[in-house]
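# Let's see this in three dimensions:
(2 chains)
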Number of protein chains: 2
Amino acid sequence: MIKMTIFYPNDEGKKFDMDYYVNSHIPMVIEKLDGAFKGGSVDQGLAGGAPDSPATYVAMGHMLFDSVEELQSAFGPHTEAIMADIPNYTDIQPIIQISEVKKSV
Amino acid sequence: MIKMTIFYPNDEGKKFDMDYYVNSHIPMVIEKLDGAFKGGSVDQGLAGGAPDSPATYVAMGHMLFDSVEELQSAFGPHTEAIMADIPNYTDIQPIIQISEVKKSV
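The predicted structure is shown next:
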């Protein structure tokens, strides 16, 4: 499986509306991706690894696809609409990564 | 659910032995965590979001727990043994984050 992860850095003074992200943005994205979306999750950062340290990311979104090609062709026609919705829940500049899931337990 | 994510930054000139991580380190950690481990995955970074950009992380490990308390009490007695195994697969300084899974599809 191929995983797209969107990281939202925990930058000071920035906003992130988790309710909008989970209940409005993600369902819209899943609908646009049609059948190419194979599952995923949304994480809210709580803490870092060291005692009393902050989380590196205030939020992360993970989306699974069968292949990089399916991911790209599913997003292609909708990238603009999806990007246009981001200011509705955050002013953070997201970081994107494509990964291969090597093991799932 | 509570998720612990371990990020391995894609630093130049560093090594990461994915075979050892997936087939030796992770099984050892799961065994030590006993029943507290509720599932997880290992991702290998392929690319960034922009064309021809590198992945931010060469690898990520995600582990699920029922609560922060269960995570902490499960890791507590084994932290030293787990940390001591890291040089066997990487010289990257990992970043750790604890998150709450807000949505899982």
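
# Name the nearest residue to A:Ser73, sequence neighbours excluded.
A:Ala36 (7.4 Å; C-beta to C-beta, 6 or more residues apart in numbering or on different chains). Any C-beta I mention is one placed from the backbone N, CA and C, and that applies to glycine too.

# which ones are touching that neighbour?
If you count contacts by C-beta atoms under 8 Å, 6 or more residues apart in numbering or on different chains, A:Ala36 has them with A:Phe65, A:Asp66, A:Glu70, A:Leu71, A:Ser73, A:Ala74.

# tell me which element the fourth one falls in.
Here A:Leu71, judged by DSSP states H and E, is contained in helix A:68-75.

# For that helix, which residues meet the burial criterion?
Residues of helix A:68-75 classed as buried: A:Glu70, A:Leu71, A:Ala74, A:Phe75 (neighbour count, 16 or more other C-beta atoms under 10 Å in any protein chain shown).

# can I get those residues in a markdown table with distance to A:Asp17?
Output for the buried residues of helix A:68-75, formatted as a markdown table (distance: C-beta to C-beta, whole Å):
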| residue | distance to A:Asp17 |
| --- | --- |
| A:Glu70 | 29 |
| A:Leu71 | 25 |
| A:Ala74 | 25 |
| A:Phe75 | 22 |
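
# so what's A:Met63 closest to, chain neighbours aside?
A:Gly40 (4.1 Å).

# swap that for A:Asn88, sorry
Leaving aside its sequence neighbours, A:Asn88 sits nearest to A:Tyr20 (C-beta to C-beta, 6+ apart; 6.1 Å).

# give me the element that neighbour is part of.
Assigned by DSSP H and E, A:Tyr20 falls within helix A:18-20.

# Residues contacting that helix, please?
Helix A:18-20 is touched from outside by A:Val42, A:Gln44, A:Ala59, A:Asn88, A:Tyr89, B:Lys102, with contacts defined as C-beta under 8 Å, 6+ apart.

# Out of the residues you listed, grab the one that's most surrounded.
Within the contacts of helix A:18-20, neighbour counts (other C-beta atoms under 10 Å in any protein chain shown) peak at A:Ala59, which reaches 25 neighbours.
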